[in-house]
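J.: Have a look; sequence and predicted model below, questions after that.
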Amino acid sequence: MDTMTLGNVDISRVVELPPRGLPRDIIFPDVPMEHWRAHESWLAPDFVDLAADEVRTMIQTWVLRSEGRTILIDTGIGNGRERNMPLFHQLDTDYLGELAAAGVRPEDVDTVICTHVHGDHVGWNTTLVDGEWRPTFPNARYVISRADFDYWNPENGHRTRSGPGMANVFEDSVAPVHQAGQTVLWEGDHYDIDAQLRLEPAPGHTPGSTVVRLRSGTDRALFAGDLLHRPAPVRRAR
């Protein structure tokens, strides 16, 4: 369990799937091998295995304790899902056990922030109970950008299923919490969770992709969802 404190905010990282290798040409199809070789000395072995031609990836979420509330940033893939991506299909992980190890029961969560509506970020929004998908966090408000909610909502006529494991995601992981009256659909140039945490739009990866900006005392942090997947793009952009 990785933990840190920034200002007055306590942060815990909760891992759903530990690091594993995925084909490099699928994850980064437009990045030539030469780029990886140029940076192999510091990328290997934690981020890349060029002998296997794989990049290493993991699925993780963040628990923030701020102003007396328990806030969860993203909820991973979830168990028992029908997905069109093998990595996400019909998982059976102990994510809720990992969350408990961080001292968090589902009923303790006050706010769930969905940085974007993709299958590896909203899965544990719900749990299958007696054949029905129900909110995993019964006392939480689920904060989702309206742009993403509207874009992925099949009632609006969108037929796209692009993105990681998007088949059925809205139906099993978003619609049930909305029908339960637990969603907050935000829009505009920002949405404040509290005095230390602010959501800001960062469209591109999805129409409603969101970053979470932390400002507490002199400390700063940014939870970027999938805007960045590896440290290599940061180094290349400098």
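T.: Yep, that arrived.
J.: so how far is stretch 114-123 from its chain's centroid?
T.: Put simply, stretch 114-123 sits 5 Å off its chain's centre (CA atoms, centre = their mean, to the nearest Å).
J.: Mind jotting down where the helices sit in the protein?
T.: Per DSSP state H, the chain carries helices over the ranges 24-27, 33-38, 40-43, 95-101, 146-152, 169, 175-179, 232-237.
J.: Give me the average confidence score over the shortest one.
T.: Right, the one you point to is helix 169. Mean per-residue pLDDT for helix 169: 92.
J.: what separates that helix from the chain centre, distance-wise?
T.: Centre-to-centre, helix 169 and its host chain are 13 Å apart (CA atoms, centre = their mean).
J.: and what of the fifth one?
T.: Taking the mean of its C-alpha atoms, helix 146-152 sits 16 Å from the chain's own mean (CA atoms, centre = their mean).
J.: helices or strands up against that helix?
T.: strand 183-186 (3 or more CB pairs under 8 Å, 6 or more residues apart in numbering; DSSP states H and E). All C-beta spots, glycine's among them, are computed from the backbone N, C-alpha and C.
J.: ok so, going back, in JSON lines, list the helices of the chain along with distance to residue 211.
T.: Compiled in JSON lines, the helices of the chain are given as follows (distance: least, CB to CB, whole Å):
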{"stretch": "helix 24-27", "distance to residue 211": "21"}
{"stretch": "helix 33-38", "distance to residue 211": "25"}
{"stretch": "helix 40-43", "distance to residue 211": "24"}
{"stretch": "helix 95-101", "distance to residue 211": "23"}
{"stretch": "helix 146-152", "distance to residue 211": "13"}
{"stretch": "helix 169", "distance to residue 211": "21"}
{"stretch": "helix 175-179", "distance to residue 211": "21"}
{"stretch": "helix 232-237", "distance to residue 211": "15"}
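J.: Go through these and pick out the most buried.
T.: Stretch with highest mean neighbour count among these: helix 169 (a mean of 29; mean count of other CB atoms under 10 Å).
J.: quick one: contacts of that helix?
T.: For helix 169, contacts defined as CB atoms under 8 Å, 6 or more residues apart in numbering pick out 83, 117-119, 122-123, 152.
J.: For these, which single residue is the most surrounded?
T.: Highest neighbour count within those, by other CB atoms under 10 Å: residue 123, with 30 neighbours.
J.: tell me which helix or strand of this structure sits lowest on mean pLDDT?
T.: helix 232-237 (a mean of 57; mean pLDDT, DSSP states H and E).
J.: ok, residue 192 touching residue 186?
T.: No - proximity of residue 192 to residue 186 does not meet the contact threshold set by CB atoms under 8 Å, at 9.6 Å.
J.: related to what we said a few turns ago, just name the closest of the contacts of helix 169 to residue 99, please.
T.: Nearest to residue 99, judged by CB to CB, of the contacts of helix 169 is residue 123 at 13.1 Å.
J.: mind listing what the closest one touches?
T.: Residues in contact with residue 123 (CB under 8 Å, 6+ apart) are 75-79, 81, 88, 169, 173.
J.: Done for today, thanks.
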